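In: Coordinates only, no sequence provided:
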């Protein structure tokens, strides 16, 4: 009993309960069963379903928040996709020359919708409103490597940008009409 070689039964038990090397061929089946029981397999599949850029924007979304929609320098776009239930609110703060000085969003939806919103707010900051509306959903989708089934998320972001720009232009047109 004092030799380590005499403890074969203990080594097998340790391999099952304290196993740290998930890459050993002889333990692959056991690891798969243990992982399934712990839910790790689901996590691995989840991680591979989204590109790392989507995961980054989902876990660390940029520009989350909202502005006062009654502010005359704020344009608000609220769009939704009835098919999946995603709703996206994107807002822009615009200076007197029409440059977007700030942007923010709130999105109720999947990781791809949140990531698309986050990217959109980053891309439009510092642009003129007329340039912002040239951003296409394909550009966002390509940047995030969205699969075809998630393209509607990037379409929502494009629609939200256009809607926010239309809102600020309508507000300014109304102000200009009352000023004359």
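Out: Right, received. Where do you want to start? Source: prediction; values computed, not measured.

In: in which helix or strand would I find residue 146?
Out: Of the helices and strands defined by DSSP states H and E, none includes residue 146.

In: so who does the closest residue to residue 86 other than its chain neighbours touch?
Out: Leaving aside its chain neighbours, residue 86 sits nearest to residue 109 (3.3 Å; criterion: C-beta to C-beta, 6 or more residues apart in numbering). (Glycine included, C-beta is placed from N, CA and C.) Neighbour list for residue 109: 81, 84, 85, 86, 87, 88, 153, 156 [criterion: C-beta atoms under 8 Å, 6 or more residues apart in numbering].

In: And those residues, which of them are buried?
Out: With burial judged by 16 or more other C-beta atoms under 10 Å, the buried subset of these is 81, 84, 86, 87, 88, 153, 156.

In: Tell me how far the residue nearest to residue 86 lies from residue 69.
Out: 20 Å (C-beta to C-beta, to the nearest Å).

In: Could I get the average pLDDT for the longest helix along the chain?
Out: Longest helix in the chain, counting residues (DSSP state H): helix 151-179. Averaged across helix 151-179, pLDDT comes to 95.

In: What is it packed up against?
Out: strand 74-81, strand 86-94, helix 111-124, helix 129-132, helix 137-144 (3 or more C-beta pairs under 8 Å, 6 or more residues apart in numbering; DSSP states H and E).

In: do you know which of these lies nearest residue 65?
Out: Closest to residue 65 of those is strand 86-94 (C-beta to C-beta; 8.4 Å).

In: if we can go back for a sec, what's the closest of the helices and strands packed on helix 151-179 to residue 170?
Out: Of all the helices and strands packed on helix 151-179, strand 74-81 comes closest under C-beta to C-beta, at 8.5 Å.

In: For beta bridges, what are the partners of the nearest residue to residue 163 once chain neighbours are set aside?
Out: Once flanking residues are discounted, residue 163 sits nearest to residue 77: 2.9 Å by C-beta to C-beta, 6+ apart. Note on residue 77: beta-bridge partners by DSSP bridges are residue 90.

In: okay, which residue is most central for the chain?
Out: residue 115 (1.9 Å; C-alpha atoms, centre = their mean).

In: thought that one was touching residue 58?
Out: Yes - assessed by C-beta atoms under 8 Å, residue 115 is found in contact with residue 58 at 5.4 Å.

In: Show me the common contact partners of those two, please.
Out: With C-beta under 8 Å, 6+ apart, residue 115 and residue 58 have common neighbours residue 50.

In: list the buried ones in the longest helix of the chain?
Out: Buried, per 16+ other C-beta under 10 Å, within helix 151-179: 151-165, 167-169, 171-172.

In: Since that was my last question, I'll sign off now.
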